[in-house]
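S.K.: Test case, fold it:
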Amino acid sequence: MTFNNRQFRDALGHFPTGVIVVTATTDEGERLGMTMSSFNSVSLTPPLVAFSIHLEAASLVKWRLCRRYAINVLGEEQGHLSDRFARAKSGKWDDISAIDGQFGTPLLPDVLVALECEQYARHDGGDHELFISPVLAIHESPRTSRHPLVFQRGRYWSLQKDQCA
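M.R.: All right, here's what the predicted structure looks like:
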């Protein structure tokens, strides 16, 4: 290998991604939430999505025990939610009125779309654990003209209609 971890991360940073917050409630009633940009679709039939969590994440054991969770896709004006759920400290849910989804998962208010999922498979992914999940329900925002929050090279970006290629 002719590169180090920082160079690899910087190289991957050129690829823009959407920003999601994965949310769940443990069997004990504790709400979890974590910002991620490592999210993608896996299959249309059946509808499967995937995300990954770092093996050193303090909450990984709790995520493994959750049966269901929601993928909340953030809009361009929701960088503050991304920042809030990216931190490892408590208080992530302070002043947030979550909505209970069809399957009981906590949905963040006013996101572009929320996908309720259930745990299906977990796989080793180097220093991350890959979660693969079937989608059980889709909750779309009625405000469909909004743009997603985009993350690239360590910064948030906004997509503007007049800048389409």
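S.K.: Return stretch 95-105 as CSV; C-alpha atoms alone will do.
M.R.: Taking Å, rounded to 0.1, in the frame of the first residue of the first chain, the C-alpha atoms of stretch 95-105 are listed here in CSV:
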residue,chain,number,x,y,z
ASP,A,95,-35.8,19.6,22.1
ILE,A,96,-36.6,17.2,19.2
SER,A,97,-40.1,16.0,18.9
ALA,A,98,-39.7,12.7,17.2
ILE,A,99,-42.6,11.1,15.4
ASP,A,100,-43.4,7.4,15.9
GLY,A,101,-43.2,5.6,12.6
GLN,A,102,-45.6,2.9,11.4
PHE,A,103,-43.3,0.3,13.1
GLY,A,104,-42.5,2.3,16.2
THR,A,105,-39.2,3.7,15.1
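S.K.: Now do the helices in this protein.
M.R.: Under the criterion DSSP state H, helices of the chain are mapped to 5-12, 60-65, 79-86.
S.K.: which residues touch the last one?
M.R.: This means helix 79-86. Contacting residues not belonging to helix 79-86 are listed as V19, V21, G33, M34, T35, L74, K92, L108, L149, F151, Y156 [CB atoms under 8 Å, 6 or more residues apart in numbering]. All C-beta spots, glycine's among them, are computed from the backbone N, C-alpha and C.
S.K.: again, but for the first one
M.R.: Residues external to helix 5-12 that are found in contact with it (CB under 8 Å, 6+ apart): F3, R153.
S.K.: could you give me the average pLDDT of that helix?
M.R.: The average pLDDT within helix 5-12 is 92.
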